[in-house]
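Engineer: Need coordinates for the below:
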Amino acid sequence: MPYPYIAIEGVIGVGKTTLARYLQEALSAEILMEVFEENPFLSDFYADRSRYAFQTQIFFLLSRYRQQHQVIPRAIKHSPLVSDYLFAKDWLFAHLNLENDELAVYENVYTALAERIPAPTLVVYLKASVDTLMDRIAVRDRPYERNMEREYIAALSAAYDDLFADFSQAPVLTIATDDLNVVNDLDARQQVIGQIKSALESGASQPSLLNGSPADAPQLSAIFADDTNRRLPDFQQFHHALDRAKHFSTDLFLNYMKLFEEMGELSETMARVRHTQLEHAAAGADESAALRRALNAHRDGLQQELADVLAYLLKLANYTGIDLEAAYLEKMDTNIGREWHAGAEEK
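Structural biologist: Here you go, the predicted model:
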């Protein structure tokens, strides 16, 4: 069985190469670095994108293909592999920079080559705001990036969000990096590496639930000794143990009010999603693309608020003695047997 292959992706300046080097050490892995400096058209491209886009893109496509086709199959036979780029990024940049006949020629070449590149075990998608990206680009001060336009970085960021919204080639772990400093903050670095290790173990679908102190960990971790087959009763049991370990209030009506508070925060986040969707639509995006971009922009907030709502539902089920999974299955069994009128809501 081959060793894992992890590809780190994100917009220019987000910190892909830095994280790749730290992850190489943490996993005792081989590393695959993009050799973008060898592209003779790159500095000309940043100065005049429309004129030099095709030459730049074709050179990158062939260079990336040659490198990944040679390195990946060989490397994963004997060790984990970490790369600071994904082959699919070439397609992303091409669709941002090329059009008409040039794009058609590119797509024919890309399609022929891409099928020969192994898919990663995991993609780590590093995100940051445009302000953060521009600051980081300025700090590293690469000569060919000094005239980088903010609008280009913003468009690139939106393109990455669109790519990973529907990415199906591998599991994707998304990490927000605006407030992370993996270079100078050892705790932050270990946290990110821990997330990646957990994602590798669980297929990037179920990150660890345990962020308590070392004193709490033994009591709580036993509940999830096998984290590949979690069910709602396991989550209810977890909240029982968490209440005891953290001395949380188990008052039924207090937690009922907390649920309403979290629902209010979820409503506010949904309103922001809708506002962002309308902004993208007003700028010319179609309805589907506008919604996808809005969801990507607010994904972290939605994730947190939905998780908070679920947590309080689980707690209320505990305090009322209800097996939430059994109740849900019984209700859905009833719904399956019901007749639904057109436009009616399931409940």
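Engineer: Could you measure from residue 264 over to residue 132?
Structural biologist: Look at residue 264 and residue 132: by C-beta to C-beta, to the nearest Å, they are 29 Å apart. Bear in mind the C-beta positions are built from the backbone N, C-alpha and C, glycine included.
Engineer: Kindly report the same for residue 165.
Structural biologist: From residue 165 to residue 132 the distance is 21 Å (C-beta to C-beta).
Engineer: Residue 312 belongs to a helix, doesn't it?
Structural biologist: Yes: assessed with DSSP: H, G, I helix; E, B strand; the rest coil, residue 312 lies in a helix.
Engineer: which stretches of the stretch 51-200 of the chain form helices?
Structural biologist: 89-97, 100-114, 130-140, 150-165, 186-202 (DSSP state H, counting those that start in this stretch).
Engineer: Report the buried residues of the longest one.
Structural biologist: Right, the one you point to is helix 186-202. Buried residues in helix 186-202, defined by neighbour count with 16 or more other C-beta atoms under 10 Å: 189, 192-193, 195-196, 199-200.
Engineer: Likewise for stretch 265-278?
Structural biologist: Quick answer for stretch 265-278 (16+ other C-beta under 10 Å): 266, 269, 273, 276-277.
Engineer: Tell me the one of those nearest residue 243?
Structural biologist: Nearest to residue 243 out of the buried residues of stretch 265-278 is residue 266 (C-beta to C-beta; 22.3 Å).
Engineer: that older thread, of residue 165 and residue 132, which one has the most company?
Structural biologist: Remark: of residue 165 and residue 132, residue 132 carries more neighbours, 19 against 15, as counted by other C-beta atoms under 10 Å.
Engineer: how far away is that one from residue 172?
Structural biologist: 20 Å.
Engineer: Let me see the domain layout of the chain.
Structural biologist: Listed by automatic domain parsing, the domain ranges of the chain are 5-202, 249-336.
Engineer: Now do the first one, average pLDDT.
Structural biologist: Meaning domain 5-202. Domain 5-202 shows a mean pLDDT of 88.
Engineer: Also the last one?
Structural biologist: Domain 249-336 shows an average pLDDT of 90 in the prediction.
Engineer: shift numbering so it begins at 33
Structural biologist: In the new numbering, first residue 33, that becomes domain 281-368.
Engineer: Please compute how far it lies from its chain's middle.
Structural biologist: 19 Å (C-alpha atoms, centre = their mean, to the nearest Å).
Engineer: Can you check the distance spanned by it, start to finish?
Structural biologist: 37 Å (C-alpha to C-alpha, to the nearest Å).
Engineer: Also stretch 205-216?
Structural biologist: 23 Å.
Engineer: So what touches it?
Structural biologist: 42, 46-47, 50-51, 54, 154-161, 164, 196, 220-221, 224, 227-228, 231, 236, 331-332 (C-beta atoms under 8 Å, 6 or more residues apart in numbering).
Engineer: if we can go back for a sec, now, of the helices of the stretch 83-232 of the chain, which is deepest in the fold?
Structural biologist: Highest mean neighbour count among those (mean count of other C-beta atoms under 10 Å): helix 121-129, with a mean of 19.
Engineer: helices and strands around the longest helix seen in the chain, which ones?
Structural biologist: Assignment by DSSP state H gives helix 284-314 as the longest helix of the chain. Packing contacts for helix 284-314, counted by 3 or more C-beta pairs under 8 Å, 6 or more residues apart in numbering; DSSP states H and E, involve helix 319-329, helix 331-351.
Engineer: Export the ones you listed as JSON lines, with columns for distance to residue 134 and mean neighbour count.
Structural biologist: Listed next are the helices and strands packed on helix 284-314 as JSON lines, based on distance: least, C-beta to C-beta, whole Å; neighbours: other C-beta atoms under 10 Å:
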{"stretch": "helix 319-329", "distance to residue 134": "23", "mean neighbour count": "17"}
{"stretch": "helix 331-351", "distance to residue 134": "33", "mean neighbour count": "17"}
